[in-house]
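Asks: Fold the following.
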Amino acid sequence: MTGELRDGPLVSEIEVDGLQGQVFASRRPRETPADATVPAAPAVVLIHGIGVSHRYLARLHRLLSRSVDTYSIDLPGFGSTPRPEHQLTVPDYAAYILGALAQVGVHEFVLVGHSMGSQFAIEAALQEPERIRHVVLMGPVVDSRRRSVPRQALALGIDSLFFETPSSNFLVASDYFRCGLSWYLKTLQVMMDYPTEERIPGVRAPVLVIRGANDPVAGAIWCRRLAARAAGGRLLEVPNNGHVVQHTGAGEVAQAITSFASLPAGAPELQP
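Replies: Sure thing, here's the model as predicted:
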């Protein structure tokens, strides 16, 4: 089923191997016949983290869509999508991302993941490296200094209390409520067990790691180590931002992604 949000992206319900999710697509029109002969820039695909949905990626999606085709995905079990009957692994989510994008005709792209979404991005780049031009990891997990559930919970609590805005906290908290405790906990164990630092060296595409400079979840030492282990890895810290940097610092993040991937940049937008 496909529908259109008012003043927003086209929404498609996508099923891959029995798993149901949603793809939110903002495609730029080809303005003149001559445009058809010019190769289009690769699309940018945004992947959310544990418990949340495309909603906390919306500011970044809107900014990127001014200049390139942009897609956000609600993975199975998150947002308004139905929960799968069994626990999914990181490779399962990666396979869903790749299959869903193939169904909507996106075959080469820049893949951007936030938090646990960074794990999905790494795994997708390992599964089908020929499709992924660049990989961007925002606030990647799980920081080796916080490799336990209590430490992760403490870091998230500190982030929400001191480094997030009311709007970012509302988006995250309301999506956690929609996700539900049972599915969140099932996914949490998967996130904690994924060896991010061991998997990232296998990614062939250039990798950009982005963190809010105040992020207590994805620490500076951890992010520097990931960037150092990645092919062509780079690290960018966005000042005065916490873990949900793609919402609170959307302008800086959008500019970093377009510059890193050599994409056309849209006009800047002031954030409230």
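Asks: can we go C-alpha only for contacts and neighbour counts from here?
Replies: Fine.
Asks: which stretches of the stretch 151-272 of the chain aren't confidently modelled?
Replies: 266-272 (pLDDT under 70).
Asks: and the spatially closest residue to residue 28 that is not a sequence neighbour, what does it touch?
Replies: Excluding its sequence neighbours, the residue lying closest to residue 28 (CA to CA, 6 or more residues apart in numbering) is residue 69, at 5.6 Å. Going by CA atoms under 8 Å, 6 or more residues apart in numbering, residue 69 touches 25, 26, 27, 28, 42, 43, 44.
Asks: Kindly check the end-to-end length of stretch 61-74 for me.
Replies: One end of stretch 61-74 to the other measures 13 Å (CA to CA, to the nearest Å).
Asks: for residue 72, helix, strand, or coil?
Replies: Recorded secondary structure, residue 72: strand (DSSP: H, G, I helix; E, B strand; the rest coil).
Asks: so it sits right up against residue 47, yeah?
Replies: Yes: at 6.2 Å, residue 72 counts as touching residue 47 under the criterion of CA atoms under 8 Å.
Asks: what is in contact with these two at once?
Replies: residue 54.
Asks: which residues does the residue nearest to residue 140 when sequence neighbours are not counted contact?
Replies: What sits nearest to residue 140 in space, not counting adjacent residues and going by CA to CA, 6+ apart, is residue 115, at 4.6 Å. Residue 115 is in contact with 48, 49, 50, 137, 138, 139, 140, 141, counting by CA under 8 Å, 6+ apart.
Asks: By neighbour count, which of those residues wins?
Replies: Using other CA atoms under 10 Å as the neighbour criterion, residue 139 leads the contacts of residue 115 with 32 neighbours.
Asks: ok, that residue - contacts?
Replies: 114-115, 118, 209-212, 215, 217-218, 223, 243-245.
Asks: one more time with 6 Å
Replies: 114, 115, 211, 218, 243 (CA atoms under 6 Å, 6 or more residues apart in numbering).
Asks: could the residues you listed go into JSON lines alongside secondary structure and distance to residue 152?
Replies: Formatted as JSON lines, these follow (DSSP: H, G, I helix; E, B strand; the rest coil; distance: CA to CA, whole Å):
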{"residue": "114", "secondary structure": "strand", "distance to residue 152": "15"}
{"residue": "115", "secondary structure": "coil", "distance to residue 152": "12"}
{"residue": "211", "secondary structure": "strand", "distance to residue 152": "16"}
{"residue": "218", "secondary structure": "coil", "distance to residue 152": "10"}
{"residue": "243", "secondary structure": "coil", "distance to residue 152": "12"}
